[in-house]
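Participant: Predicted model and sequence follow; I will ask about them next.
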Amino acid sequence: MTDLTKQQDFPPLKNDRILKVIKGEEPDKLPIWVMRQAGRYMPKFREFRKLHSFFEICQTPELACEVTLMPIERFDFDAAIIFSDILVIPQALGLEVEMKESVGPVIKNPVTIENLNDLNTEGAADRLNYVGEAITLTRKRLNGKVPLIGFAGAPWTLMGYMIEGGGSKTYSKSKKWLYAHETEAHRLLKILTDVIIDYLILQVKSGAQLLQIFESTNRNAEYLNEYLFDRFCQPYLQRIAIEVKNKIAELKLDVPMILFAKGSHYSLEKQKSLGYDVIGIDWTISPKTVRQILGDQVVQGNLDPCALYASPEGIRAHVDEMIKGFGTGNLVVNLGHGIYPDMSEEAVEIFIDAVHSVKL
Ligand SMILES: Cc1c2[nH]c(c1CCC(=O)O)Cc1[nH]c(c(CCC(=O)O)c1C)Cc1[nH]c(c(CCC(=O)O)c1C)Cc1[nH]c(c(C)c1CCC(=O)O)C2
């Protein structure tokens, strides 16, 4: 498909605040974007969803582009994130995923020990070309306004959904593999890692200017622990960082990588050693503690998504408190997880203004 000439054809970037922070340079203002920024808290998105199903939007570059641009046109965000879902990889491997209203994703044919060999691994990343097309189109339409983030789910997170058949309260089915079927667990994690690497490179070649890896099945620390993280997350996350970065270097591009491993405070120090440029932080750890562990590592986060329910003065106070803890250097501001669907657009405006008003 695409080659690196695509990256050179795009309009020059006007807002490079995030990329500056990652390079260790000082931006004019603190950069901010929000996970799930193109989503149901926007009335315009809700109207759009009445006309199109979730995966129809993901699979139609023109529609995915339109939704990606919605929050960029409405708010003063410093990055766009391509509209898609982490579950497009399981789809490309042959699983049937449906997005059910007020339930979330449901997989009709979850992976079992018995059907593991049936996964359609051959050419899986090629079946995600439509995401590459959406990225190229969006990068053109953005016209250099802000950088475009591409993303993928991490191997363990995808494995969790693929075995559970959707979200889960305990993740006990997928964790069973980690204790009772270790060989098969590693086989599935390797299959996923191979596809994720190819898929991220496809996104880079198509025009993604940053990449984020979502390791968020362990959204509560209780799902995994250090023992399981070391065996079933760390090696695969590390391989992704190394191989994708090597390829990016070969392409003579500079595309930083963000790791967001939600609920994994116990592994923050290890995360720092995996080769990612930015470590995403959820809201359950204080910025001051993060700095004690990670020093001047570039971090992203970590306002509690619920802090946006506070009054305008409250939101500003929480932002100030967070930034006091992190310091103004080496910081990309975000929420500590995705924004909630019932959030008001006014709260988002105040959040952004509070961050952009910080004196550097
Ligand atoms: C676990 C996970 C998924 N998807 C994703 C994750 C990792 C981050 C996290 O932990 O939240 C990542 C994701 N999902 C979506 C994006 C788009 C980009 C963005 O704006 O951040 C991204 C980056 C769109 C989406 N993905 C989903 C929506 C809402 C569904 C809709 O519009 O009907 C959006 C905008 C649905 C989705 N998709 C997924 C779930 C569990 C749900 C249901 C929960 C919910 O409804 O909010 C799987």
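Facilitator: All right, it came through fine.
Participant: Smallest gap between the stretch 1-150 of the chain and the ligand, at which residue?
Facilitator: Per CB to the nearest ligand atom, the residue of the stretch 1-150 of the chain with the smallest distance to the ligand is Gly104, at 3.3 Å. All C-beta atoms are positioned from the backbone trio N, CA, C, and that covers glycine.
Participant: ok, that residue to Val34 distance?
Facilitator: Computed as CB to CB, to the nearest Å, the Gly104 to Val34 distance reads 19 Å.
Participant: neighbour count winner among the two?
Facilitator: Comparing Gly104 with Val34 by other CB atoms under 10 Å, the one with more neighbours is Val34, at 25 against 12.
Participant: Just say helix, strand or coil for that one.
Facilitator: Secondary structure assignment for Val34 (DSSP: H, G, I helix; E, B strand; the rest coil): coil.
Participant: doesn't Glu349 make contact with it?
Facilitator: No. Applying CB atoms under 8 Å as the test, Val34 and Glu349 come out as separate, 11.6 Å apart.
Participant: one step back: near the closest residue to the residue of the stretch 1-150 of the chain closest to the ligand other than its chain neighbours, how many other residues are there?
Facilitator: Leaving aside its sequence neighbours, Gly104 sits nearest to Gly167 (CB to CB, 6 or more residues apart in numbering; 5.3 Å). The number of residues packed near Gly167 is 14, by other CB under 10 Å.
Participant: how many neighbours does the residue in the stretch 201-350 of the chain that the ligand sits nearest to have?
Facilitator: Here the stretch 201-350 of the chain gets closest to the ligand at one residue, Ser216, 3.2 Å apart by CB to the nearest ligand atom. Neighbour count for Ser216, taken as other CB under 10 Å: 22.
Participant: what's the closest residue to Asp296 other than its chain neighbours sitting at in phi/psi?
Facilitator: What sits nearest to Asp296 in space, not counting adjacent residues and going by CB to CB, 6+ apart, is Asn330, at 5.2 Å. Main-chain dihedrals, Asn330, degrees, to the nearest 10: phi 50, psi 40.
Participant: ok, Asn330 - contacts?
Facilitator: By CB atoms under 8 Å, 6 or more residues apart in numbering, the contact list for Asn330 reads Val21, Gly24, Asp296, Gln297, Val298, Val299.
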